[in-house]
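Next comes the sequence, and after it the predicted model I'd like to discuss.
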Amino acid sequence: MKTNIIIAGVGGQGILSIAACIGMAAINSGMYLKQSEVHGMSQRGGAVLSNLRLSDTEISSDLIPLGQAGIIISVEPMESLRYLPWLAEDGWLVTNTTPVKNISNYPEMEELLAEIKAVRNHVVIDADEIARKIGSSRYSNMVVLGAAVPFIGLEYRSFEDGIAGIFEKKGRDVIEMNLQALKAGYKVSGKMV
Amino acid sequence: MKLMLLGDEAVARGGMDAGISGIYAYPGTPSTEIMEYVQNSETASENNIFCEWSANEKTAMEAALGMSFAGKRTMVCMKHVGLNVAADAFMNSAITGVNGGFLIAVADDPSMHSSQNEQDSRYYGKFAMIPVLEPANQQEAYDMVFHGFRLSEKYKVPVMLRLTTRLSHSRSAVKPVKPIDQKKILLPSDPRQFILLPAIARQRYRVLLNSQRDFESESENSPFNSLSEGSDKSTGFIACGLAYNYLMEVFGEKKLDHPVLKISQYPLPRHLVEKIKNECAKLLILEEGYPLVEEMLRGYPVYDHKITGRLDGTLPRDGELNPDHVARAAGFSVKEGLQVPSVVKNRPPSLCKGCGHIDMYNALNVVIDSFGAGSVFSDIGCYTLGALEPFNAINSCVDMGASITMAKGAADAGLHPSVCVIGDSTFTHSGMTGLLDAVNDKSPITVIIADNATTGMTGGQASAATGRIENICAGIGVEHDHIRIIDPLKKHHFENVAVIKEEIEYKGVSVIIARRECIQAVMKKKKAAG
């Protein structure tokens, strides 16, 4: 089994938490893993991405080749489209619809949604709204992850363990909120698969 | 037990397990996480491993050399352009040689994700004539630290470990080995080894020259260099460091039946290179960075058409490699997904909401507008983002500290106003000496020190002189009346504009310290406090 995942967003949105959670789920499932991250200048509100590769055999490249990503997970709608050249023909685009408008020429939402819906396999989810209902929009990244879980190829359980692992130091409440966010996202796309 | 480590962290962990007594560095993407890993390690603190930031890369390199002089293992870490700052100490450390194992970890940034250029540190290694190690993956990065220290101590020579962004910032599993104890203090057996007076330096240089053959033979026998045979000799591949992964990726499950020379240790292993060059009709050279190996193999003045790579257009001349470049160069087709729709706009980095630099630039722009734009010099830090919309506030960014000195030169040429913007950490890194020049010459410049009490762009590391900036300026000789401290907040906009205007009108050196703590640091503290 091989899964290539691109995680996209804007610096500061917590894409590295998503990557860490998938990473931990993969390792607990005995998989090989390579996870390339963006550090430095772009973290200041710029476009950021992480390349995540899981496999049951050894992985060579830290970067995903063009057209070979099985999933793009994006916590921001415009960012979800930036890496389409990497998405495989049968790949899934899973994206949040809440925009981060920190540029003056941010496109119209209808245009973005039209482009997102033009991708054959897509899951569109207002993760911020769902997270707010749980308690706070800051858990929206885990909602998006939850929505992507069915396409990753690992047991749902392993993501729960992943969350418990990476948020261990932050206490029981934080873990619980993130677990709820994961479940809420999972429910949305679970119906579609 | 396996650890999930960034390439940078693998180097750090390697150093700790190989018994370093200290690590020296100045933050710089993509090298910062090496030092941070040691700083965050409880084991490192229990073992009393020295791990404080230095004022700049040169002081870091020299301090590390001192630790090596004392007989202990040490590492110094920096980004590629940091090695320019440390170059004097670096080049001469090859001549003095070392005592305790001495490893220089340099992280290059091809494609300039967070840098002003994409210079290739392997040239520095060749220039200094020292061994260079270039890991292909995280495990090699870890293992090479041990290997590097063995080489360094065997030949009493500094060894460079060259990383690039993609490995520095990619995480994978690393299997650590049993840690080694730190060394005891042991002075150099030759008390004159480190005295580079001409007569001794000439001897030392010959020692380095005589070691070259040994370095080459180490490369021939290195566990990190290997020639794998293949029956299809129409093309052979030489893959350096990380590029080896892309070659393996491209062939994937297809059989790679070509000769492949993997290079992860320099100087080049002459016989291995000779062998693959002689047996193949064509060679494709894959290297992350400049075409160093390719240039060497092409020779001069005769153009060797057998050698392909970045110089003949088989691969892009600039930027980092990726599996798609390598696939195309190796003759495979690449199946690209959908095009990026035109509604997707660029999203460059920007100053954080609530950042003090925003209010500082808003005040400065008002004053500069009254003179006409074009005379604000700056350099490297978060404040460089003042170059972008909506500020368009600065006109230069060259190297750490160049804001002050370029403003001085422009003022010497008669430009008025001549203003510069520099951060607190950059000021102590390389701005203080330039300020002294300006004070000595009474150059009419206005220095704005954007003091956010941290090294912001790299993620908030300690700044060398927090709370002491005005004392340093006074000590350098800036007149008391012309050291002004402002609070860059919207509510102080008009008074800040007035201060900047007054100081620009002063025909001498003035320093305006725009002081407000980095908003990221403030939020981090708030979070920690619950």
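Okay, I see it. Numbering: from 1, shown residues only, chains lettered A, B, ... in the order given.

C-alpha from now on. contacts and neighbour counts both.
Noted.

Let's check: the centremost residue of chain B is which one?
Centroid-nearest residue in chain B: B:Lys79, 0.7 Å away (criterion: C-alpha atoms, centre = their mean).

so the closest residue to that residue other than its chain neighbours bridges to which residues?
Among residues not flanking B:Lys79 along the chain, B:Ala107 sits closest, at 4.7 Å (C-alpha to C-alpha, 6 or more residues apart in numbering or on different chains). Counting by DSSP bridges, B:Ala107 forms beta bridges with B:Lys79, B:Leu163.

In this model B:Leu167 seems to touch B:Ala107, though I could be wrong.
No. Counting by C-alpha atoms under 8 Å, B:Ala107 does not reach B:Leu167; the two are 9.1 Å apart.

ok, those two, which is more surrounded?
Applying other C-alpha atoms under 10 Å in any protein chain shown to B:Ala107 and B:Leu167 shows that B:Ala107 carries more neighbours, namely 30 against 26.

what does the model give that one for pLDDT?
pLDDT, B:Ala107: 98.

which residues touch it?
B:29-31, B:77-80, B:162-165, B:168 (C-alpha atoms under 8 Å, 6 or more residues apart in numbering or on different chains).

just B:Ala330 next, same as before
Residues counted as contacts of B:Ala330 (C-alpha under 8 Å, 6+ apart) are B:Leu284.

On the three-state scheme, B:Asn471 is what?
With DSSP: H, G, I helix; E, B strand; the rest coil as the basis, B:Asn471 sits in helix.

On the three-state scheme, the spatially most central residue of chain A is what?
Residue closest to the mean C-alpha point of chain A, counted by C-alpha atoms, centre = their mean, is A:Ile73 at 3.4 Å. Of the three states, A:Ile73 takes strand under three-state DSSP.

I'd guessed it sits against A:Gly146; true?
No. Using C-alpha under 8 Å, A:Ile73 is not in contact with A:Gly146, being 10.3 Å away.

Quickly find the element holding B:Lys525.
helix B:519-529 (DSSP states H and E).

how near is the residue nearest to B:Lys79 to chain A?
B:Ala107 sits 13 Å away from chain A, going by C-alpha to the nearest C-alpha, to the nearest Å.

Output the longest helix belonging to the chain.
You didn't pick a chain, so chain A it is. Counting by DSSP state H, the longest helix found in chain A is helix A:172-190.

wait, chain B
Under DSSP H, chain B gives helix B:198-220 as its longest helix.

quick one: pLDDT of the nearest residue to B:Gly14 once chain neighbours are set aside?
Closest residue to B:Gly14 apart from its sequence neighbours, by C-alpha to C-alpha, 6+ apart: B:Tyr142 at 4.7 Å. B:Tyr142 carries a pLDDT score of 98 in this model.

again, but for A:Ile27
88.

For the nearest residue to it once chain neighbours are set aside, which residues are in contact?
Distances taken as C-alpha to C-alpha, 6+ apart put A:Leu33 closest to A:Ile27, at 7.2 Å, once the chain neighbours are dropped. Contact analysis of A:Leu33 by C-alpha under 8 Å, 6+ apart lists A:23, A:26-27, A:52-55, A:59, B:171-173.

Run a quick neighbour tally on A:Gly46.
Using other C-alpha under 10 Å, A:Gly46 has 20 other residues around it.

Would you check that it makes contact with B:Cys352?
No. A:Gly46 is beyond contact range of B:Cys352, at 10.4 Å (criterion: C-alpha under 8 Å).

tell me which strands and helices whichever strand or helix holds B:Ser21 is in contact with?
Counting by DSSP H and E, the element that carries B:Ser21 is strand B:20-25. Secondary-structure packing of strand B:20-25 (3 or more C-alpha pairs under 8 Å, 6 or more residues apart in numbering or on different chains; DSSP states H and E): helix B:32-39, helix B:57-69, strand B:73-79.

most tightly surrounded among these?
Of all these, strand B:73-79 carries the top mean neighbour count, a mean of 30, counting by mean count of other C-alpha atoms under 10 Å in any protein chain shown.

how far does the helix or strand immediately after that strand in the chain sit from the chain's center?
Downstream of strand B:73-79, the first helix or strand assigned by DSSP H and E is helix B:80-85. In terms of C-alpha atoms, centre = their mean, to the nearest Å, the centre of helix B:80-85 is set 6 Å apart from its chain centre.

what does stretch B:441-458 give?
22 Å.

got it, and stretch B:29-39?
So, by C-alpha atoms, centre = their mean, the centroid of stretch B:29-39 is 11 Å from its chain's centroid.

before we move on, back to that, residues making contact with the longest helix of chain A?
Residues contacting helix A:172-190 (C-alpha under 8 Å, 6+ apart): A:123, A:125, A:127, A:130-131, A:134-135, A:139-140, A:142-150, A:160, A:163-164, A:167-168.

could you pull out the strands for the stretch 151-300 of chain B?
Counting by DSSP state E, counting those that start in this stretch, the stretch 151-300 of chain B has strands at residues B:159-164, B:170-174, B:226-228, B:236-240, B:260-263, B:265-266, B:283-286.

Report whether the fourth one contacts chain A.
Which is strand B:236-240. No. Using C-alpha under 8 Å from any C-alpha of the partner chain, strand B:236-240 stays clear of chain A, coming no nearer than 13.1 Å.

Counting by contacts, list what that strand packs against.
Helices and strands touching strand B:236-240, by 3+ C-alpha pairs under 8 Å, 6+ apart, are strand B:260-263, strand B:283-286.

one step back: what residues sit buried inside the longest helix of chain B?
By neighbour count on 16 or more other C-alpha atoms under 10 Å in any protein chain shown, the buried set for helix B:198-220 is B:200-201, B:204-205, B:208, B:211, B:215-220.

need the residues of chain B near chain A, please.
Within reach of chain A by C-alpha under 8 Å from any C-alpha, chain B has these residues: B:29-30, B:113-114, B:166-167, B:169-173, B:245-246, B:248-249, B:322-324, B:334-341, B:343-345, B:347-352, B:457-459.

Strands - which of the residues you listed land there?
B:170-173 (DSSP state E).

between the residues you listed, which is closest to chain A?
Distance to chain A across these (C-alpha to the nearest C-alpha) is lowest for B:Ser170, with 3.9 Å.

Reduced to three states, what does the residue nearest to B:Gly14 come out as?
helix.

correct me, but A:Glu76 touches A:Thr95?
Yes. Using C-alpha under 8 Å, A:Glu76 is in contact with A:Thr95, at 6.5 Å.

what about these two, which has more around it?
A:Thr95 (30 against 25).

related to what we said a few turns ago, can you lay out the helices and strands packed on strand B:236-240 as a markdown table showing mean pLDDT?
Listed next are the helices and strands packed on strand B:236-240 as a markdown table, based on pLDDT from 0 to 100:
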| stretch | mean pLDDT |
| --- | --- |
| strand B:260-263 | 98 |
| strand B:283-286 | 98 |
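
Dump those to a markdown table, plus mean neighbour count.
Shown next, in a markdown table, are the helices and strands packed on strand B:236-240 (neighbours: other C-alpha atoms under 10 Å in any protein chain shown):
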| stretch | mean neighbour count |
| --- | --- |
| strand B:260-263 | 25 |
| strand B:283-286 | 26 |
